[in-house]
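Chemist: This is a predicted model, with the sequence first.
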Amino acid sequence: MITHRSFQPRKRIAMVAHDKKKKEMVEWAEKNKVILARHELLATGTTGRLLEDQLDRPVKKLLSGPLGGDQQIGAMIADGDIDILIFFWDPMEAQPHDSDVKALLRVAIAWNCVVANDPATADFIISSPLMSDHYQAVIPDYSGYLKRKIED
Ligand SMILES: O=C(CO)COP(=O)(O)O
């Protein structure tokens with residue numbers, strides 16, 4: 001059974017921002033442009049388009065969040081295809097796709113994904129020496145859970 005997920009020095013970073021947080025995301029990305037250039041970026045649709053324009057580099061764009069983009073990122077996290085999630089969600093406004101937002105945050109924690117929900121935390125993550133290094137993240141062991149489900 002795989003119990004670790006390997007992070008390569010080139011990290012796969014998913015970036016997502018709610019509408020009133022998009023400006024913060026674009027400013028954060030601009031400030032950290034040089035470090036971000038060493039990594040692979042993907043994003044929900046609208047966030048991705050803004051980041052591409054600002055950073056003048058390709059960003060893999062998934063669907064817009066309310067149209068399934070959050071779920072696509074969640075699925076990639078569960079598949080081990082994302083190392084870091086930078087998700088500036090809006091604490092002051094309910095979203096039509098609140099259930100998707102919650103699901104994304106939940107699945108990220110379930111798989112021990114590195115997560116930042118605000119620029120300060122994102123600053124600490126992006127300046128970590130682990131950003132340019134190999135790293136082994138522990139994958140929580142859910143085998144007991146699966147076994148119990150089958151036995152029940
Ligand atoms: O709604 C979002 C995340 O929940 C973000 O989606 P967009 O980047 O397409 O605006």
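Modeler: Sure thing, it's come through.
Chemist: With adjacent residues omitted, what lies nearest to the residue in the chain positioned nearest to the ligand?
Modeler: Of the residues in the chain, the one nearest the ligand is Gly65, at a distance of 2.2 Å by C-beta to the nearest ligand atom. The way it works is simple: take the backbone N, C-alpha and C, and place the C-beta from them, glycine included. Among residues not flanking Gly65 along the chain, Thr44 sits closest, at 4.5 Å (C-beta to C-beta, 6 or more residues apart in numbering).
Chemist: I figured that neighbour was touching Ser64, is that so?
Modeler: Yes: taking contacts as C-beta atoms under 8 Å, Thr44 lies within contact range of Ser64: 5.9 Å.
Chemist: Between the two, which has more neighbouring residues?
Modeler: Taking neighbours as other C-beta atoms under 10 Å, Thr44 and Ser64 compare with Thr44 leading, 26 against 16.
Chemist: For that one, grab phi and psi.
Modeler: With angles defined as degrees, to the nearest 10, Thr44 sits at phi -70, psi 160.
Chemist: isn't Phe87 right up against Glu24?
Modeler: No: assessed by C-beta under 8 Å, Phe87 is found out of contact with Glu24, at 11.7 Å.
Chemist: Find residues that contact each of the two.
Modeler: Ala17 (C-beta atoms under 8 Å, 6 or more residues apart in numbering).
Chemist: three-state assignment of the residue nearest the centre of the chain?
Modeler: In the chain, the residue lying closest to the centroid (C-alpha atoms, centre = their mean) is Leu85, at 1.8 Å. Here Leu85 takes the strand state, with states given by DSSP: H, G, I helix; E, B strand; the rest coil.
Chemist: Now do the contacts for it.
Modeler: Applying C-beta under 8 Å, 6+ apart to Leu85 gives the contacts 13-14, 16, 73, 77, 104, 108, 113-116.
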